[in-house]
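Visitor: Predicted model, plus sequence, below.
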Amino acid sequence: MKPYSLMFAGVGGQGSLLIAELTSLAAVSAGFDAKQTEVHGVSQRGGSVETHVRFGEKVHSPIVTPGEALAVIGLEKLEALRFAHYVDPKNGIVFINDYELIPASVTNAENIYPHETVEYLKSKGLRVIVLPASKIARDLGDGRMANVVLLGALSTMLPIPLEVWEKTLKLRIPAKYAEGNMKAYKAGKEMMS
Amino acid sequence: MREFLLGNEAIARGAWEAGVKFVSGYPGTPSTEIIETLATRFPETNPRWSANEKVAFEEGMGAAIGGLRVLVTMKHVGLNVAADAFMVFPYSGTNGGFVVISADDPGMHSSQNEQDNRYLARVGKVPVLEPSDAQECHDFIIAGLELSEQFKSPVMLRTTTRIAHHKGLVEVGERKEVEQKEFVRDAKRFSVPIYRLARRPEVEKTLNALMDYAETCPFNRVEHSDNKSIGVVTSGITYQYVKEVMPEAGVLRLGMTFPLPAKLLREFCSAYQTVYVIEEGEPFIEEYMRNLGITNIKGKEIFGVIGEYSPGRLQNALALGDPPEPYTEGVNLIPRPPMMCVGCGHRTVFAALKQLKVTVSGDIGCYTMGALPPYEAEHTTFCMGASIGVAVGLEQAGHEDTVAVIGDSTFIHAGIPPLIDAVYNKSHLTLVILDNSATGMTGSQQNPASGKNVFGQEAPKLDLESFCRAMGVGSVEVVDTWHRKEIVNTLRRAIAYKGPSVVIARGACQQLPEMKKRNVISFIVEEELCTQCDACFKVWCPAITRTDQNYPVIAANECTSCTVCAQVCPTDAIKLAEAFA
Ligand SMILES: Cc1ncc(C[n+]2csc(CCOP(=O)(O)OP(=O)(O)O)c2C)c(N)n1
């Protein structure tokens, strides 16, 4: 069995690493082997962050190969574009949070932001699902939970039962945020039904 | 019990289980999480941040000859700093088990070069273990300490970024206390320079014993295949890529890459028609095999020496597939480079240096980003501490307008001897010490200038200004790093001063826990007063973006209240949210 490969893309501070980790932990708890690795630049914050997750019966490489990912999860549009080529063009899905984080170079008119990302990726024949994750999270009381909304949507594609997701969220997320995040997770899941 | 651990966490866990009683190191990606994990989860291993890698290594040597099991951690270039000690330790050999982590960085994700430290180990005649996954990070540190005691030799455990920074399942165990070994005063062994001639043959004896051991050691593993057309010799993370891309090939996985097993390599290669040598970095194993006279091998001519390997790269090199490239055609895939954080105190200093149009000799830290837009006010950067020596040299070459810039951690690490030298040799050096009370770039660890130790507890705080004065620096001034005008004026005075001068730009790193926990009143923009002059955007603060009407807007949850945007606003349109309400 070929492992399930996932690519989480975002900007430092958005929490892409957290949902990657939740996915790995849920996979492990569901009895799979799993590996995860993160690639980020030199600095603490503000740059692109990519996290690779692979799980299955037996996993060798932690690195996802471009073209093999079952899903690319973009917490931000430009970052979704940057890592979209990781998706399996036939069977994979690119999940994109309907959210733009404008780099300072754009604010200072030195670069132009590619607002047309979604249409562009669709024109390349990719299956793209745009979700208003940031908006849903804000409506639930905290915009920072956009990552967990996306996780809820992603979970509908993965062979991991609901109880395992619930258990993992409870285990990994501090008690005072657990309820909100559980709601965010479920909201994301409902978006896909 | 199994845990899902980072390679570095697995190393920490293994060290704890092996009864390690002293750990020293200096932060450096990708090694830093080892000591961080030990400090938070396994304090009985007695971890610490040392002033630099040489000090860390020497403290480790002392603890090991004193009879403890010891772990010393650093990134690959850290071993250059510790090399003096590293090269001589094998001459005495160790008493308690001693393992040094060399965390190499193929791909230079967060390093200034791509050096392959297996060569340093060969020069020092120190055995090298290379784990291929998180489980082996755990197992090899335990086995490495035993190996070290068995051969009385220091051992290097070489990780790479992908090994150190990937997570996998690890079967863990409990701590086993190990009895401290007796330290006997034995100058004939431990006073190496005097007794070097007697010690020299001992080094070869140990190396020869290790060479025999390598032939049958448990670290190397042969996985034969019925198909004898292709074999692979590999090590480290690359083993995983080989299993992924060439599942049918016979494999010799080397878990010990120095000394290499000549007999085993010959045997393996004779069983296969063609053998690929697949190793990240330099052709370390390949050259050895060629020197043995093995000819049915292919290596670097196919896979290359530069950068990190991946399954995709192997597919490509072996013509087994052509993974897709990023989408760039017909779309503006702009970069998102790392930036100074919201409220970072380094910004004002680089704005001032840019304004003063001086040549800037920079150093290694978050402030290296001063070389990037919008400042482009750092003109040389090499390695830790080099800012000062290079500025002195540039001055000798006639570039007297040079200002050296260094962080507090880097100053302590390698900036002190060059500053003493600048005073001694009568330089007119101007030095800016960016004192943010943290080793910022690697994750804001504690250092001797931060007044905290590795556990976050109070520790003696180095008084930088008295220290610089005691070194003989004639002019030492301290300035609030968020005060733009003060910084420019102080710098002007320092540059004009005839003699060595130091400006300490002080202000805590925004990533420190105490800074994050503060209650902050954010700034907001009063649009009626804003003339859209764009001055605030030029601060390049990530918290300031544009509204649809082109006004600046400050993200309240990100603003650190550093005041810099308010200082640059010519119409006072940026105000504390409280004052506005
Ligand atoms: C010899 C060596 N050791 C460690 C590192 C890793 N490293 C990069 S920058 C840095 C220190 C940064 O601290 P500081 O000088 O205080 O500047 P800051 O990042 O806080 O601005 C370290 C330890 C390195 N590049 N070289």
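Guide: On my side now, so go ahead.

Visitor: Return the distance of the longest helix seen in chain B from the chain's centre.
Guide: If you go by DSSP state H, chain B has its longest helix at helix B:192-216. Its chain's C-alpha centre and that of helix B:192-216 lie 30 Å apart, by Cα atoms, centre = their mean, to the nearest Å.

Visitor: Give the buried residues for that helix.
Guide: By neighbour count on 16 or more other Cβ atoms under 10 Å in any protein chain shown, the buried set for helix B:192-216 is B:192, B:195, B:199, B:203, B:206, B:207, B:210, B:211, B:213, B:214. C-beta: built from backbone N, CA, C; applies to glycine.

Visitor: just checking, what packs against it?
Guide: helix B:83-92, helix B:134-151, helix B:187-190, helix B:262-270 (3 or more Cβ pairs under 8 Å, 6 or more residues apart in numbering or on different chains; DSSP states H and E).

Visitor: export the longest one as PDB, just CAs?
Guide: Right, the one you point to is helix B:134-151. Below are the C-alpha coordinates for helix B:134-151, written out as PDB (Å, rounded to 0.1, in the frame of the first residue of the first chain):
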ATOM      1  CA  ALA B 134      14.000   8.900  14.600                       C
ATOM      2  CA  GLN B 135      14.200   5.500  16.100                       C
ATOM      3  CA  GLU B 136      17.900   5.200  15.300                       C
ATOM      4  CA  CYS B 137      18.500   8.700  16.700                       C
ATOM      5  CA  HIS B 138      17.300   7.200  20.000                       C
ATOM      6  CA  ASP B 139      19.100   3.900  19.600                       C
ATOM      7  CA  PHE B 140      22.400   5.300  18.200                       C
ATOM      8  CA  ILE B 141      22.900   7.800  21.000                       C
ATOM      9  CA  ILE B 142      22.700   4.900  23.500                       C
ATOM     10  CA  ALA B 143      24.900   2.600  21.500                       C
ATOM     11  CA  GLY B 144      27.200   5.500  20.700                       C
ATOM     12  CA  LEU B 145      27.900   6.100  24.400                       C
ATOM     13  CA  GLU B 146      28.600   2.400  24.900                       C
ATOM     14  CA  LEU B 147      30.900   2.500  21.800                       C
ATOM     15  CA  SER B 148      32.700   5.500  23.200                       C
ATOM     16  CA  GLU B 149      33.400   3.700  26.500                       C
ATOM     17  CA  GLN B 150      34.400   0.500  24.800                       C
ATOM     18  CA  PHE B 151      37.000   2.200  22.600                       C
END
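
Visitor: Report the angle between that helix and helix B:83-92.
Guide: 50 degrees (axes from the mean of the first three to the mean of the last three Cα atoms, to 10 degrees).

Visitor: And the next helix or strand past helix B:134-151?
Guide: Sequence order places strand B:155-160 as the next helix or strand after helix B:134-151, per DSSP states H and E.

Visitor: does any part of that next one sit near chain A?
Guide: No. Strand B:155-160 lies out of reach of chain A by Cβ under 8 Å from any Cβ of the partner chain, never closer than 11.5 Å.

Visitor: Can you list the buried residues in that strand?
Guide: By 16+ other Cβ under 10 Å, the buried positions in strand B:155-160 come out as B:155, B:156, B:157, B:158, B:159, B:160.

Visitor: Dump it to CSV, restricted to CA.
Guide: Presented in CSV, the C-alpha positions along strand B:155-160 are these (Å, rounded to 0.1, in the frame of the first residue of the first chain):
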residue,chain,number,x,y,z
VAL,B,155,32.1,9.5,19.0
MET,B,156,30.4,11.8,16.6
LEU,B,157,26.7,11.3,15.9
ARG,B,158,26.1,13.1,12.6
THR,B,159,22.6,14.2,11.8
THR,B,160,21.3,16.2,8.9
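
Visitor: Could you check how sure the model is about it, as an average pLDDT?
Guide: Across strand B:155-160, pLDDT averages out at 98.

Visitor: What pairs with it, parallel or antiparallel?
Guide: strand B:98-104 (parallel), strand B:128-129 (parallel) (DSSP bridges).

Visitor: which residue packs closest to residue B:363, ignoring adjacent ones?
Guide: What sits nearest to residue B:363 in space, not counting adjacent residues and going by Cβ to Cβ, 6 or more residues apart in numbering or on different chains, is residue B:387, at 3.9 Å.

Visitor: can you tell me the helix or strand for the one you found?
Guide: helix B:386-396.

Visitor: ok now do residue A:161, which residues does it touch?
Guide: Neighbour list for residue A:161: residue A:30 [criterion: Cβ atoms under 8 Å, 6 or more residues apart in numbering or on different chains].

Visitor: mind checking pLDDT for it?
Guide: For residue A:161, pLDDT reads 97.
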